[in-house]
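Colleague: Predicted structure and sequence below. I'll ask about it afterward.
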Amino acid sequence: MEDCLFCKIIAGDIPSNKVYEDDMVYAFYDIEPQAPEHILIIPKKHFDSILSVAGKDFEYVDRMIEAAQKLAKEKGFEKDGFRLVFNTGKDGGQTVQHLHMHLLGGRSLQWPPG
Ligand code: 5GP
Ligand code: ZN
């Protein structure tokens, strides 16, 4: 997708602070962190949101969750926990139209999220 911010980040056209990468997934620090650790995990293929994923492409979502588990363990969140979030659409607060999962940790997070 030519005009997609996260596609440009994957391509390296826009710099990012990478924490993980494999053949299907890219992960980097959020520019506006909402917790001491705030990582965005994105598929290397463009999907507008979780609603756009179908069939075999769900492997991207599996791999995003696998990356989240690995990063959560690396960051030492096993004991105190962490949160994974897919903001979707207007009411979900999605601001970037390339599927992404937030990994938030390092503090006690509130519920409901507001
Ligand atoms: P959303 O609000 O769509 O769920 O999440 C988009 C996230 O992308 C936000 O948390 C926002 O701070 C982050 N973000 C937006 N632009 C950039 C950028 O250029 N670089 C990085 N690292 N994060 C970004
Ligand atoms: Zn994209």
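Modeller: Thanks, I have it. Residues are numbered from 1 along each chain as shown. Ligands and ions are numbered 1, 2, ... in the order given.
Colleague: most remote residue from this protein's center?
Modeller: Distance from the C-alpha centroid of the chain peaks at Lys79, with 21.3 Å (CA atoms, centre = their mean).
Colleague: What are the buried residues along stretch 13-27?
Modeller: Buried residues in stretch 13-27, defined by neighbour count with 16 or more other CB atoms under 10 Å: Ser16, Val19, Met24, Val25, Tyr26, Ala27. Where C-beta positions appear, they are placed from N, C-alpha and C, glycine not excepted.
Colleague: Helices of the chain, start to end?
Modeller: For the chain, the helices defined by DSSP state H cover 5-11, 58-74, 89-92.
Colleague: Any chance of JSON lines for these, columns distance to ligand 1, mean neighbour count and mean pLDDT?
Modeller: Formatted as JSON lines, the helices of the chain follow (distance: least, CB to the nearest ligand atom, whole Å; neighbours: other CB atoms under 10 Å; pLDDT from 0 to 100):
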{"stretch": "helix 5-11", "distance to ligand 1": "6", "mean neighbour count": "17", "mean pLDDT": "98"}
{"stretch": "helix 58-74", "distance to ligand 1": "14", "mean neighbour count": "16", "mean pLDDT": "98"}
{"stretch": "helix 89-92", "distance to ligand 1": "7", "mean neighbour count": "10", "mean pLDDT": "98"}
